[in-house]
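>>> Here is a sequence with its predicted model. Questions after.
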There are 4 protein chains.
Amino acid sequence: MHTAILIVQCKDNKGIVAAVSQFLYENNGNILAVDQHVDDDLGDFFMRAEWELDTFDIDKDHILQEFKAKVGQQFEMDYSLSFNFPVPRMALFVSKLSHCLFDILSRYYSGQFNVEIPLVISNHPDLEPVVKAFGIPFYHLPVTKENKAEQEKKQLELMVAHKVDFVVLARYMQILSGDFVKHFPNNVINIHHSFLPAFVGAKPYHAAYKRGVKIIGATAHYVTEELDAGPIIEQDVARVRHHNTVEDLVQIGQDVEKVVLSKAIKYHLARKVQVVGNRTIIFN
Amino acid sequence: MHTAILIVQCKDNKGIVAAVSQFLYENNGNILAVDQHVDDDLGDFFMRAEWELDTFDIDKDHILQEFKAKVGQQFEMDYSLSFNFPVPRMALFVSKLSHCLFDILSRYYSGQFNVEIPLVISNHPDLEPVVKAFGIPFYHLPVTKENKAEQEKKQLELMVAHKVDFVVLARYMQILSGDFVKHFPNNVINIHHSFLPAFVGAKPYHAAYKRGVKIIGATAHYVTEELDAGPIIEQDVARVRHHNTVEDLVQIGQDVEKVVLSKAIKYHLARKVQVVGNRTIIFN
Amino acid sequence: MHTAILIVQCKDNKGIVAAVSQFLYENNGNILAVDQHVDDDLGDFFMRAEWELDTFDIDKDHILQEFKAKVGQQFEMDYSLSFNFPVPRMALFVSKLSHCLFDILSRYYSGQFNVEIPLVISNHPDLEPVVKAFGIPFYHLPVTKENKAEQEKKQLELMVAHKVDFVVLARYMQILSGDFVKHFPNNVINIHHSFLPAFVGAKPYHAAYKRGVKIIGATAHYVTEELDAGPIIEQDVARVRHHNTVEDLVQIGQDVEKVVLSKAIKYHLARKVQVVGNRTIIFN
Amino acid sequence: MHTAILIVQCKDNKGIVAAVSQFLYENNGNILAVDQHVDDDLGDFFMRAEWELDTFDIDKDHILQEFKAKVGQQFEMDYSLSFNFPVPRMALFVSKLSHCLFDILSRYYSGQFNVEIPLVISNHPDLEPVVKAFGIPFYHLPVTKENKAEQEKKQLELMVAHKVDFVVLARYMQILSGDFVKHFPNNVINIHHSFLPAFVGAKPYHAAYKRGVKIIGATAHYVTEELDAGPIIEQDVARVRHHNTVEDLVQIGQDVEKVVLSKAIKYHLARKVQVVGNRTIIFN
């Protein structure tokens, strides 16, 4: 089924829900999901509506201008329209660790993710056989201090060549430059192997062990210029005990990482994530 | 702030959200919360809307007839209107165990619950000093096989005399008759000390121990005529290990019970629970 | 590193820990892990000890008789000795669902599981390409009411031919006969897609939806003759909400199933599971 | 039943478990619990053993010197001996928030905590009626920048006068001086309302809200001179969603805080917590 998805943000005001729902109703929109949220601190209103496109009275290419004229202008809204087609194209960046890669490919294989994976990029050759077994092109782009800028240029060219919509860093152990990230605002998802904002940066399991925490976690977030500081999409945790070594923490944590990252991808694919400042609304 | 709360149920149809939100907008309703849910299996639509009453154009006593004329009739809705005043009156039934009672009284004391507690009834005298310390009347009504019907009659009289709106069984170890329950449809909340539907009936921690489960739980539900089978409002769990005795399970479980029961009370007080068949929608 | 693992069970008595640890110390055993448990109800003592084999004074083939003479006889112990070599051989039984299979193969690939997988058996051909991509033989043995006994005979022959130590039912949707199970006592691990003992049998997610539970779960257990009633090795849960459909429950539940099953395999591989009646001790 | 509890720490070495268990066995010690742990990084061995005192062959006042002669000296152990009597004396420090206080008093009332509470100290008068209802002396010692040193002196005098063994800061919103803490090494337990090390310091729920985390937590830890940096005893978390306000976080978090703090007290009372550097071993 083809659907349209409208995301709206504006100052909170009386009559917004009435106006948006009236617009959809008048044009014969069969609503599949509608969620709204008011941020009392900001005084802002947020909404996500999804409806059937095939039976809608307005042609898909004219929805935006009609919406602007009937609703958007009146409430000085920011809004964006998307569709559940064509299937989004996701690039995966990996290093040597395979757990997140396998988890994503497993869901891709079983049809749980409505996504195309046109390529996988890695700074190490190790996971090439896994990726190829799924029939996905694999690019080995080793990164050093010296060649980092150059390799990132190649990565960006590959993104363009493969018409990539968004990027997932599935335990890619390199930091992307601010320049790269600017090409994909709120479209680069990273999994950080700690319960952010605790243990920002390298070796969070070592840091967690040293601090003696009783619970470890993982955080999926949009990448911004500041390291591990972007808007959080999803988090989860697991209990650890005093007898667990750093290696145990790594293994226990990997089970959390892969599920958290895949949930974030699922929300992102369904356009259920709205970024507000450095927070996210998850319309789920 | 005085608020009105409208709960709506009808066959799903185009234009419902538009109609309800238009009704509120036209009458100058400042919406504080609105949640809707479509049950695809039943084809039913559900909605909860809460708005400021003081600035609403329609007098509180005429809202229902206006809503019926403008919206309700057209969509053949079931609906109910309530207000966040006067403060609801909750009766507590307890036995000997104090953990749920203390948890509820603690929230009552700190103002977390917007509730009156006109009385506590118990089949044992043990908790009388605790209840009296909070200035709440305590009724000791011992129950035996022989006097059960008689005592229940007294309990019902006390409910009427104290203008009780709903009843909470805070580890009250007696089974109320179907007749009592009929006086309070979806208004008797029980906490069962297992993860229902596992371990229905007496001594669930013993049964859980015997079965060797690795996780125990607690379930808050509305009481119906069938034992431990009513609509579930809230559940939670805790991990246990092989070295935990039945006594450990009891103690670990009590921490789950009290929090689960208090959450259910909180949802109920805010009219956020809608019962559909034997399931609940939690508008939260 | 080569290790020996001793599992002991006997009536609880003074001096057991002293006797066992003295035996290991006198023979120059470098203990890597020792865990004990007393079941107060049964009055039974349980112990698991693991130590370095290469520096141990007693030859591996004489440890049992020495232990019997010095310790075992005195305390009328049941005991078993095993080694962390050769690598155990695990047969996987699957149907059409791939999530548990991928999770296990992912850990096998990354070396997280110290295991050989000599074969995968399925009653459907669907997952053959996945299995073959890992270089593992795949046997398609379709099962009908009529041929069930015959196919099970073939399965048992394959177990023998491939020297299988234990069997994992990774969402294999068939029920094995009591006869098959008897060949592998406490060596057939199943993942059931509910929080046992709730929702035994077929379609537990449908049953969970219908009951309106707020939390779903998964249970890994040893298979016994009685359906879904064997000793529980591991369980976990996930929260669901009223808007989740049965299909949502299936998807949310799969993330729990795969992690729970893999944890159970991990404990089993390390001989950390001891079955006592219908309960398990997890020496972890 | 009277019990003795021995806590041991030394360099890991062959024969320690044998030596300690032999010592207890030879002297007719009926072991109730024994747990050991080896920290591979430090190369250190840790043990906690609890046994019946009344049937032990060595008089309680001579156990330490006997143990030193037979075991302690040989392995160059640090060790400490304690008994489950007399009942430990716990001072509570509170401010205005009642949830942790009620939770502790509820367990005290029901006998879940084997503890005496000789006094409660607060910098605000608000909770005096609650405390007095339990028959516990309440001291109101308001703290300002100017009088802080003076009031702490009074607090210390009260600790001495009431023979306090350990102190629990049950949401006491003041920072104790390093001098106070030095009087109670590893005997001041604080509950911090965040998942440490995230959100150290004041207003952690505000900080958590601002950061947009999807999970909040609470941490019980021993107080050291550095703020919120002492050894962690217990942690737990709760899920939050985008629609939760800071006030929601406070309320959701309180349910976590009170359970986490009470668990920490329970471990501490049973001498199940051993501090190693800035980490804790929980012998549970």
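Received the coordinates, thanks.
>>> Please count neighbours and contacts with C-alpha atoms only from this point.
Fine.
>>> Now do the same for the residue with the largest distance to the centre of chain A: helix, strand or coil?
Taking Cα atoms, centre = their mean as the measure, the residue most remote from the mean C-alpha position of chain A is residue A:243, 34.9 Å away. The three-state assignment at residue A:243 reads coil, by DSSP: H, G, I helix; E, B strand; the rest coil.
>>> buried ones in stretch A:272-284?
A:272, A:273, A:274, A:275, A:279, A:280, A:281, A:282, A:283 (16 or more other Cα atoms under 10 Å in any protein chain shown).
>>> and the stretch 1-150 of chain A, which residues reach chain D?
Listed as neighbours of chain D in the stretch 1-150 of chain A under the rule Cα under 8 Å from any Cα of the partner chain: A:37, A:38, A:39.
>>> ok, residues contacting the lengthiest helix in chain A?
In terms of residue count, the longest helix belonging to chain A (DSSP state H) is helix A:246-269. With contacts defined as Cα atoms under 8 Å, 6 or more residues apart in numbering or on different chains, helix A:246-269 is touched by A:88, A:99-100, A:103-104, A:113-115, A:170, A:189-193, A:205-206, A:209, A:216-221, A:233-238, A:240, A:273, A:282, A:284, C:255, C:259.
>>> Next SSE downstream of that helix?
Counting by DSSP states H and E, the element after helix A:246-269 in chain order, helix or strand, is strand A:273-276.
>>> residues in contact with whatever helix or strand comes next after that following strand?
Next helix or strand after strand A:273-276 toward the C-terminus (DSSP H and E): strand A:279-282. With contact meaning Cα under 8 Å, 6+ apart, strand A:279-282 is reached by A:231-233, A:267, A:272-275, D:210-213, D:241-243.
>>> any idea which helix or strand carries residue A:189?
strand A:188-192.
>>> For residue A:144, give me the pLDDT.
The per-residue pLDDT reported for residue A:144 equals 96.
>>> Can you give me the distance of it to chain B?
46 Å (Cα to the nearest Cα, to the nearest Å).
>>> which among the contacts of helix A:246-269 end up buried?
A:88, A:99-100, A:103-104, A:113-115, A:170, A:189-193, A:205-206, A:209, A:216-221, A:233-237, A:240, A:273, A:282, C:255, C:259.
>>> Tell me the spatial nearest neighbour of residue A:47, not counting adjacent residues.
residue A:36 (4.2 Å; Cα to Cα, 6 or more residues apart in numbering or on different chains).
>>> which residue ranges form the strands in chain A?
Using DSSP state E, the strands of chain A run over residues A:3-11, A:31-39, A:44-52, A:78-83, A:89-94, A:116-122, A:138-140, A:166-169, A:188-192, A:215-222, A:232-239, A:273-276, A:279-282.
>>> Paired strands for the strand holding residue A:189, with orientation please.
Within its sheet, and counting by DSSP bridges, strand A:188-192 is paired with strand A:166-169 (parallel), strand A:215-222 (antiparallel).
>>> what comes into contact with the last one?
Going back to what we said before, that points to strand A:215-222. Residues from elsewhere that reach strand A:215-222 (Cα under 8 Å, 6+ apart): A:186-196, A:208, A:228, A:230-240, A:249, A:253, A:256-257, A:260-261, A:264, D:235-236.
>>> now swap in stretch A:180-190 and tell me
Residues from elsewhere that reach stretch A:180-190, judged by Cα under 8 Å, 6+ apart: A:152, A:156, A:165-171, A:220-225, A:261, A:264-265, A:275.
>>> picking that back up, among the strands of chain A, which is nearest residue C:17?
The closest of the strands of chain A to residue C:17 is strand A:232-239. By Cα to Cα, the value is 29.4 Å.
>>> how much does that closest one deviate in direction from strand D:232-239?
With axes from the mean of the first three to the mean of the last three Cα atoms, to 10 degrees defining the directions, strand A:232-239 sits at 140 degrees from strand D:232-239.
>>> Please work out the average pLDDT along strand A:232-239.
On average, strand A:232-239 scores 98.
>>> close to chain D, is it?
Yes. Strand A:232-239 lies within reach of chain D by Cα under 8 Å from any Cα, at A:232, A:233, A:234, A:235, A:236.
>>> which one of these is nearest chain B?
Nearest to chain B among the residues of strand A:232-239 next to chain D is residue A:236, at 16.4 Å by Cα to the nearest Cα.
>>> Pick out the shakiest of the strands of chain A, pLDDT-wise.
In terms of mean pLDDT, the lowest-scoring of the strands of chain A is strand A:31-39 (a mean of 93).
>>> Other residues contacting that strand?
Taking Cα under 8 Å, 6+ apart as the rule, strand A:31-39 contacts A:12, A:24, A:44-52, A:283, B:14, B:34-35, D:243.
>>> which of the residues you listed are buried?
Judged by 16+ other Cα under 10 Å, buried ones among the contacts of strand A:31-39: A:12, A:24, A:45-52, A:283, B:14, B:34-35.
>>> Pull the most distant pair out of those.
Farthest pair in the buried ones among the contacts of strand A:31-39, by Cα to Cα: A:12 and A:52, 26.5 Å.
>>> who touches residue A:163 in this structure?
The contact partners of residue A:163, by Cα under 8 Å, 6+ apart, come to residue A:89.
>>> Okay, domains of chain A per the record?
Domains of chain A are assigned by automatic domain parsing as A:3-83, A:89-282.
>>> Measure how buried the residue nearest to residue A:190 when sequence neighbours are not counted is and give me the count.
Leaving out its chain neighbours, the residue that sits closest to residue A:190 by Cα to Cα, 6+ apart is residue A:169, at 4.8 Å. The criterion is other Cα atoms under 10 Å in any protein chain shown. On that basis, residue A:169 has 27 neighbouring residues.
>>> Who is residue A:169 paired with across the strands?
Bridge pairing for residue A:169 (DSSP bridges) gives the partners residue A:93, residue A:190.
>>> how much space between the closest residue to residue A:20 other than its chain neighbours and residue A:78?
Distance criterion Cα to Cα, 6+ apart; nearest residue to residue A:20, sequence neighbours excluded, is residue A:71 at 6.7 Å. Distance of residue A:71 to residue A:78, computed by Cα to Cα, to the nearest Å: 11 Å.
>>> neighbour-wise, which of these two wins?
residue A:71 (17 against 14).
>>> Was I right to think that one contacts residue A:22?
No. Look at residue A:71 against residue A:22 with Cα atoms under 8 Å: they stay out of range, at 9.5 Å.
>>> Distance of residue A:218 relative to residue D:249?
From residue A:218 across to residue D:249, the span is 20 Å (Cα to Cα).
>>> of all the residues of the stretch 1-150 of chain A next to chain D, which comes closest to residue C:126?
For those, the nearest to residue C:126 is residue A:37 (43.5 Å; Cα to Cα).
>>> which residues does the closest one bridge with?
According to DSSP bridges, the residues that bridge with residue A:37 are residue A:46.
>>> closest one to residue B:133 among the strands paired with strand A:188-192?
strand A:215-222 (38.6 Å).
>>> okay, the angle between that closest one and helix A:246-269?
30 degrees.
>>> Neighbours of residue A:22, how many?
If you count neighbours by other Cα under 10 Å, residue A:22 ends up with 23.
>>> who's in contact with the nearest residue to it once chain neighbours are set aside?
Computed as Cα to Cα, 6+ apart, the closest residue to residue A:22 that is not its neighbour in sequence is residue B:18, at 4.9 Å. Going by Cα under 8 Å, 6+ apart, residue B:18 touches A:17, A:18, A:19, A:20, A:21, A:22, A:25.
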